[in-house]
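S.K.: quick check, what structure comes out for this input:
(2 chains)
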Amino acid sequence: MTGTITPARSDLAEVGRSEATLRTFLHGLPGVDQIGADQRAAMLGTRSIKTTAKAWAIDLAIRMVDLTTLEGADTPGKVRALCTKALRPNPADPSCPSVAAICVYPSMVPVAADALRGSSVHLASVATAFPSGQAPLEVKLADTRAAVAAGADEIDMVINRGAFLSGRYRAVYDEIVAVKEACGDAHLKVILETGELATYDNVRRASWLAMLAGADFIKTSTGKVPSAATLPVTLVMLEAVRDFRAATGRQVGVKPAGGIRTTKDAIRYLVLVNETVGDDWLHPDWFRFGASTLLNDLLMQRTKLTTGVYSGPDYFTLD
Amino acid sequence: MVPPVPITNAFEYAPSPESRAVVQLKPSYGLFINGEFVEGEDRIKTVNPASEEVLAEVVEASAAEVDRAVRAARAAYEKVWGPMSGRERAKYLFRIARIIQERSRELAVLESLNNGKPIRESRDVDLPLVAAHFFYYAGWADKLPHAGFGPAPAPLGVAGQVIPWNFPLLMLAWKIAPALACGNTVVLKPAETTPLTALLFAEICQQADLPPGVVNIVTGAGETGRALVEHPDTDKVAFTGSTAVGRGIARAVAGTRKRVTLELGGKAANIVFDDAPVDQAVEGIVNGIFFNQGHVCCAGSRLLVQESVYDEVLASLKRRMARLRIGDPLDKNTDIGAINSAAQLERIRNLAEIGSQEGAERWSPPCQLPDRGFWFAPTIFTGVTQAHRIAREEIFGPVLSVLTFRTPAEAVEKANNTPYGLSAGIWTEKGSRILWMADRLRAGVVWANTFNKFDPASPFGGYKESGYGREGGRHGLEAYLNV
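M.R.: Got it, this is the predicted structure:
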């Protein structure tokens, strides 16, 4: 691809150099027509995924779940239980895959690290004064370093929406760069909190801003504001990672989070991935679901497909 | 059944066919005249274009049978429908609209079977619009004095209506709903290749207790249509179809008292500016030309791209086209179904061949077409100029001609440089440019940042060789009132 949205690779490294270059670049991205994006997502929502395709999609969705607990009431006991579930989501069925990761607050990382040691399940921690992001940079960096030191290999940071909405893109950019550095080897997921960005144009700009600053993943939401992940928002983000790879050669992952509760929802997202960016993103390394209740519905539908009958919720573990 | 087309990616959608069981096909159908089905002498077979399977036999109505239908319509107009109050007529139209909604699955499946269009489109586009048209014009039936055509606008009488095969039921709705709302009775001839949903609609008229003779359906081919158009006792001829046939109809009715509306061909320009929302513009290009296999008179068959974004738009378009799913029209995941007939397929092949011979570069995504039935891969031609035949003639298939422009004035000039003028599309984030362009484009419908968007409240019709008269909206009433 050539043209306005994909300058040559060498140019992109320079984009973060100043407020002016960043603003020029982000405002030069093609717009998103809201009605068109909504319609495309709605059309893909009508895809009918049955039998073998459904079984394949359910297993992939389970492998993509970031099993999440982000409550003030979280305790070591609760987190240990969740880790056990992450490793063996359906104890009655050894063919059921593990989830991608556990996602907890920084204070719970040592407990989770203990419980997950030696497994392939990743340990993600939210950081940077999640969910509001309203703290001094030093506090955010300390938050990040503490989580990584305690064993988190993935950090879910929130961007400074206040700075973004007031047009101070450089401040947002610098903060992501600093957090990325504080992460060391840990993967950085950047939460855009799309519900607060309000327009799809902003979602596209924030996606590019995060990727330019070094994000390994871009994530829709904290799950703590009323408007969380939606199909059209995820569509816009998928288009952004697709175009970013075409421009730079670097692949970035996408994580919708919040409000994805049913197997039907999850399959709609996988269809969206399939028909927007294709095979390369249909892998837990490149697409995740931030969810807590989704997993049990996936397990229920999985059991229904294998046994032909629905089991009640009591046949699946609470956490 | 159409064999499934193999998909090469990891997420392979299993077949998800809509059940045919909802449709009870009869081996043969009569003509619908004066409220009942009557036999005729000559018969023609109607097939499923996706498999060439014969679905049923229908009558090829003779001039005598057409005459019988017109006489039934005349009697119903004089004795029942003409004198009936608008309020009463509205009740029948509302009832028909509701039955269409109730039986929409059945109608959608039959439409896809007989036409070849994907079930996703007949289910999500055609049928909702069909019902919406009946609801919309039902609402006008008792409000005609307020439509702006005088205090007591009178109906015309008997309307002879001839419709095409691309949207069999939707074109029926566009013709019948306003005619009936205004107090006319109709004799409608569906297209030769797609008569079945019109005959199912006839059953719906019976179910709604519509008085006999108000709606009459005569099936057949060109000769049947000619008999209807030339019948001395029709007051109005309404035609949707090719410009060549439309010209013949205009000639046939010239010098008679008949009113005529014609909705004919098109070669619409879909104009993409360098500040367009690219991803949505690409969706709009795809929807503009590949919706209904390009069997759309207002299809965006000429893509005009501003040169500064040509590479980017073309790359995105090709990537998107590679995702189109071609195959069994009844599979719920199919995007592109079958070409409606062998004759149409032949015409598309010929024009595509001419495009290559004239030096345009042809491209289609890799896709495997089913062995039986009539299929044509979605195709784009680049390097096309205004001098190419594929930029001038209506192909009426999934074939897009790509041209470029440098300035808005050049875009307008190229868009208007066609004998047609049915529709146009503009893609830009700049509102003032949309209005500037819309003022200058000689096309009946101008879409901005969307394409192929229809609504019963919005008038539709053409400039120049795309025909005359408007269908839809308040304007659509004028075609059926004596004003």
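
S.K.: got the contact list for residue 119?
M.R.: Just going to use chain A. By C-beta atoms under 8 Å, 6 or more residues apart in numbering or on different chains, the residues touching A:Ser119 are A:87, A:98. C-beta here means a position set from N, CA and C on the backbone, and glycine is covered the same way.

S.K.: chain B, not that one
M.R.: Taking C-beta under 8 Å, 6+ apart as the test, what B:Ile119 contacts is B:18, B:108-109, B:112, B:329-332, B:334.

S.K.: and these, which is closest to chain A?
M.R.: Taking C-beta to the nearest C-beta as the measure, chain A lies nearest B:Lys332 of the contacts of B:Ile119, at 4.0 Å.

S.K.: give me the number of residues near that closest one?
M.R.: When neighbours are defined as other C-beta atoms under 10 Å in any protein chain shown, B:Lys332 has 19 of them.

S.K.: setting aside sequence neighbours, what's the nearest residue to it?
M.R.: Spatially, and ignoring its direct neighbours in sequence, B:Lys332 is nearest to A:Ser48 (4.0 Å; C-beta to C-beta, 6 or more residues apart in numbering or on different chains).

S.K.: wait, is that neighbour part of a helix?
M.R.: No: assessed with DSSP: H, G, I helix; E, B strand; the rest coil, A:Ser48 is coil; it does not lie in a helix.

S.K.: just checking, it touches B:Pro15?
M.R.: No: the criterion here is C-beta atoms under 8 Å, and A:Ser48 misses it with B:Pro15 at 9.5 Å.

S.K.: what's around the residue nearest to B:Lys332, how many residues?
M.R.: 19.

S.K.: just B:Arg87 next, same as before
M.R.: 10.

S.K.: and the one 4 residues further on, by the same measure?
M.R.: Taking other C-beta under 10 Å as the neighbour definition, B:Lys91 ends up with a count of 16.

S.K.: what strand or helix carries it?
M.R.: helix B:86-102 (DSSP states H and E).

S.K.: what's the closest non-adjacent residue to the residue nearest the centre of chain B?
M.R.: For chain B, B:Phe167 is the residue whose C-alpha lies nearest the centre (C-alpha atoms, centre = their mean; 3.8 Å). For B:Phe167, ignoring the flanking residues on the chain, the nearest one in space by C-beta to C-beta, 6+ apart is B:Asp126 at 6.2 Å.

S.K.: any idea of the pLDDT on the one you found?
M.R.: pLDDT, B:Asp126: 98.

S.K.: do the same with B:Thr185
M.R.: On the pLDDT scale, B:Thr185 gets 98.

S.K.: how distant is stretch B:96-105 from the center of its chain?
M.R.: 19 Å (C-alpha atoms, centre = their mean, to the nearest Å).

S.K.: export that stretch as CSV, just CAs?
M.R.: Output in CSV follows, covering the C-alpha atoms of stretch B:96-105 (Å, rounded to 0.1, in the frame of the first residue of the first chain):
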residue,chain,number,x,y,z
ILE,B,96,-50.9,-7.3,2.4
ALA,B,97,-47.9,-5.6,4.1
ARG,B,98,-48.4,-7.6,7.3
ILE,B,99,-48.8,-10.9,5.5
ILE,B,100,-45.6,-10.1,3.5
GLN,B,101,-43.8,-9.7,6.8
GLU,B,102,-45.3,-12.8,8.3
ARG,B,103,-44.4,-14.9,5.2
SER,B,104,-41.1,-13.1,4.6
ARG,B,105,-38.9,-16.1,5.1
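
S.K.: near chain A, which residues of the stretch 151-300 of chain B are found?
M.R.: Applying C-beta under 8 Å from any C-beta of the partner chain, we find that the stretch 151-300 of chain B lies next to chain A at B:274-280, B:283-284.

S.K.: and those residues, which two are furthest apart?
M.R.: Farthest pair in these (C-beta to C-beta) is B:Asp274 and B:Glu283. Separation: 17.7 Å.

S.K.: tell me which of the two has more neighbours.
M.R.: Higher neighbour count among B:Asp274 and B:Glu283: B:Glu283, with 22 against 18, using other C-beta under 10 Å.

S.K.: ok, the more buried one - contacts?
M.R.: Neighbours of B:Glu283 in contact, by C-beta under 8 Å, 6+ apart: A:36, A:39-40, B:320.

S.K.: need the helices for the stretch 251-400 of chain B, in chain order.
M.R.: Listed in chain order, the helices of the stretch 251-400 of chain B (DSSP state H, counting those that start in this stretch) span B:278-290, B:310-321, B:342-357.

S.K.: give me whichever of the ones you listed is most buried.
M.R.: helix B:278-290 (a mean of 26; mean count of other C-beta atoms under 10 Å in any protein chain shown).

S.K.: please list all residues in contact with B:Leu113.
M.R.: Counted by C-beta under 8 Å, 6+ apart, B:Leu113 has contacts B:20, B:23, B:48, B:55, B:196, B:329-330.

S.K.: run the last query once more with 7 Å
M.R.: Residues in contact with B:Leu113 (C-beta atoms under 7 Å, 6 or more residues apart in numbering or on different chains) are B:23, B:48, B:55.

S.K.: was I right about the last one contacting B:Asn48?
M.R.: Yes: under the criterion of C-beta atoms under 7 Å, B:Leu55 makes contact with B:Asn48 at 5.5 Å.
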